[in-house]
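A.B. asks: mind folding the following:
(one chain, ligands or ions: 1)
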Amino acid sequence: MNSTLLDVIVVGGGPAGATAATVLAREGKSVLVLEKEHFPRFHVGESLLPYNRGIFEEIGVWDEIQNEGFMVKKAAQFFMGDGEPHARLEFAKGAFTENPSAFQVERARFDEILLRNAERRGAKVKEGCRVMSHEISEERVTVRYQDDAGATHETQARFLLDATGMVSLTGAQEGIRHVREGHRKVAVFGHFKGVKMPEGEEAGDIHLVVRKDSWFWMIPLSAEKVSVGLVISREEFASLGKKPEGVFEALVQSTPELQRRMLLADLLGELHVITDYSFQLDRMVSPRLIRVGDAAGFMDPVFSSGVMLAMQTGLEGAQCAVAAINANKTLTDEMLAYQSRTREAMGRFWQFIENYYTLNFIDLFLQPNPMLKLTSAINAVLAGRPDLPWKVRWRLKVFFVLVWLQKWVPVVPRIRWTADSDAGGQKVSAT
Ligand SMILES: Cc1cc2nc3c(=O)[nH]c(=O)nc-3n(C[C@H](O)[C@H](O)[C@H](O)COP(=O)(O)OP(=O)(O)OC[C@H]3O[C@@H](n4cnc5c(N)ncnc54)[C@H](O)[C@@H]3O)c2cc1C
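C.D. replies: The predicted model follows:
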């Protein structure tokens, strides 16, 4: 055996890579994380889900996360563009949701905590190292990377975990990464001070404001700082004929709820732009290779599922690698089961995401009815509960039947965009 052969190379030190590296090191595997940036670094994706807690505990970082002073998120609030109707999905009120709260995090700090935790537990981390290519043979994986000084290096391992986020390095190199048609979006976002947000019990809530074919998020990161982002279809973005800053400003001004909240807001730093981020892959695993986090596929961020799924897949992907290495195998049934489970978990969120862009869904979502505890079932999914018992699954089926029925018969009063604008204003009409 080659003495320099590592057990695992993890490419990418975000939440998925850091979680995976922690588990691998804990299990006694030699693991090298190659990360192209130097942490702390800015990253989008600041609103976490309650079920992240179990993973924090599993990788031994819960106390640090809890004591960091991140804003506590007890609920998600959804508004139409002019403020009404409005619904607050409070995690503690979900009959099938065990964890009552999550956190809103500045990713620079959060990701650094996770990566340093991996390092403390025995993973070797090299920052400023960009992986350029990989090669997989029957015996090993070879990875070539370039450091900050421009020098190239080569390193080898038994397994490769791709945790490169939305670029999905290996998926792109293999040509199996496909953008989700119908979900070509542009996101424009930044940090602001002076945004009007609630105080007291609701101070840490995420706020989502629904417009026709677009939406805003407002995520309180501290008492002073709020992350505000716009997600808009590529077509609408292009039709406005403006730069991202102009589009952001125009839509804030034409959305009464945003306009009211942002009256005294000042941008801190710059606005960021990301396009066409929803994609899927033909496969997540192949001999000696496991993709975790966004590198395994990414969905529209409306329900804040990204970090939760990244850490869950990081955890499970690492467990698969450990088992495969111990059994001296390159592709195992566990790896294929991991792929199926991950597809199922993503599918659960996709059902909500696809429907979110339809008015019949919004009608029911913004006017919840406590009947049959349907809202509790939705609460469990949107809190990130990974195992959905039958009592949740049948309720979800009933909910989506009602959403479908709403197209033809008004199960609840219909919400309509106002005739005079597409600015997210609307009225509720009991047709
Ligand atoms: C507009 C938008 C809003 C979002 N909002 C939320 C939200 O509110 N809540 C939520 O949970 N999620 C949100 N997400 C999703 C969230 O950002 C991701 O799901 C999450 O960051 C995935 O973690 P990851 O570790 O897989 O990837 P990342 O966090 O992207 O980490 C990947 C790492 O790999 C490194 N890397 C990439 N290429 C290479 C290379 N060649 N060599 C070495 N290193 C490399 C990168 O530098 C990076 O540090 C949002 C996403 C978008 C686009």
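
A.B. asks: from now on I want contacts and neighbour counts done on CA atoms only, so please keep to that.
C.D. replies: Noted.

A.B. asks: where do the strands of the stretch 151-300 of the chain begin and end?
C.D. replies: In the stretch 151-300 of the chain, the segments counted as strands under DSSP state E, counting those that start in this stretch are 152-162, 177-179, 185-193, 206-211, 214-220, 225-233, 266-275, 279-281, 285-286, 289-291.

A.B. asks: now these as a markdown table including mean neighbour count, mean pLDDT and distance to the ligand?
C.D. replies: As requested, the strands of the stretch 151-300 of the chain are exported to a markdown table (neighbours: other Cα atoms under 10 Å; pLDDT from 0 to 100; distance: least, Cα to the nearest ligand atom, whole Å):
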| stretch | mean neighbour count | mean pLDDT | distance to the ligand |
| --- | --- | --- | --- |
| strand 152-162 | 21 | 98 | 8 |
| strand 177-179 | 17 | 88 | 13 |
| strand 185-193 | 22 | 96 | 5 |
| strand 206-211 | 24 | 94 | 9 |
| strand 214-220 | 25 | 96 | 8 |
| strand 225-233 | 23 | 96 | 7 |
| strand 266-275 | 14 | 95 | 6 |
| strand 279-281 | 21 | 90 | 11 |
| strand 285-286 | 17 | 98 | 15 |
| strand 289-291 | 28 | 98 | 9 |
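
A.B. asks: quick one: the nearest residue to residue 321 once chain neighbours are set aside from residue 318, how far?
C.D. replies: Nearest in space to residue 321, with sequence neighbours left out and distances taken as Cα to Cα, 6 or more residues apart in numbering, is residue 159 at 7.0 Å. For residue 159, the distance to residue 318 (Cα to Cα, to the nearest Å) stands at 10 Å.

A.B. asks: how about residue 193?
C.D. replies: Distance from residue 193 to residue 318, by Cα to Cα: 39 Å.

A.B. asks: can you list the residues of the stretch 1-150 of the chain near the ligand?
C.D. replies: 11-17, 34-37, 44-48, 129-132 (Cα under 6 Å from any ligand atom).

A.B. asks: out of the residues you listed, which end up buried?
C.D. replies: Burial by neighbour count, 16 or more other Cα atoms under 10 Å: within these this picks out 11-17, 34-37, 45-48, 129-131.

A.B. asks: the residues you listed in helices, which ones?
C.D. replies: Judged by DSSP state H, helices contain the following of these: 15, 16, 17.

A.B. asks: contact partners for the last one?
C.D. replies: With Cα atoms under 8 Å, 6 or more residues apart in numbering as the criterion, the residues that contact residue 17 are 10, 11, 33, 161, 162, 163, 164, 292, 293, 314.

A.B. asks: give the buried residues for stretch 39-58.
C.D. replies: Those would be 39, 45, 46, 47, 48, 49, 50, 51, 52, 53, 55, 56, for stretch 39-58 by 16+ other Cα under 10 Å.

A.B. asks: let me see the contact set for residue 373.
C.D. replies: 95, 395.

A.B. asks: cool, and the one 5 residues further on?
C.D. replies: The contact partners of residue 378, taken as Cα under 8 Å, 6+ apart, are residue 396.

A.B. asks: as a whole number, average confidence for the helix or strand it falls within?
C.D. replies: Following DSSP states H and E, one finds residue 378 within helix 374-382. Throughout helix 374-382, pLDDT has a mean value of 91.

A.B. asks: tell me the helix or strand right after it.
C.D. replies: Taking DSSP H and E, what comes next after helix 374-382 is helix 390-406.

A.B. asks: avg pLDDT for that next one?
C.D. replies: For helix 390-406, the per-residue pLDDT averages 94.

A.B. asks: and it, what does it pack onto?
C.D. replies: helix 359-366, helix 374-382 (3 or more Cα pairs under 8 Å, 6 or more residues apart in numbering; DSSP states H and E).

A.B. asks: narrow the residues of the stretch 1-150 of the chain next to the ligand to those in strands?
C.D. replies: 11, 34, 35, 129, 130, 131, 132 (DSSP state E).

A.B. asks: write out the residues of the stretch 251-400 of the chain neighbouring the ligand.
C.D. replies: So far as Cα under 6 Å from any ligand atom goes, the stretch 251-400 of the chain lies against the ligand at 277, 293, 294, 295, 301, 304, 305, 306, 307, 308, 310.

A.B. asks: most surrounded residue in those?
C.D. replies: residue 293 (32 neighbours; other Cα atoms under 10 Å).

A.B. asks: pretty sure that residue is in contact with residue 165, am I right?
C.D. replies: Yes: using Cα atoms under 8 Å, residue 293 is in contact with residue 165, at 6.4 Å.

A.B. asks: list the buried ones in stretch 86-96?
C.D. replies: Within stretch 86-96, the residues that count as buried by 16+ other Cα under 10 Å are 86, 87, 88, 89, 90, 91, 92, 94, 96.

A.B. asks: show the end-to-end separation of that stretch, please.
C.D. replies: 22 Å.
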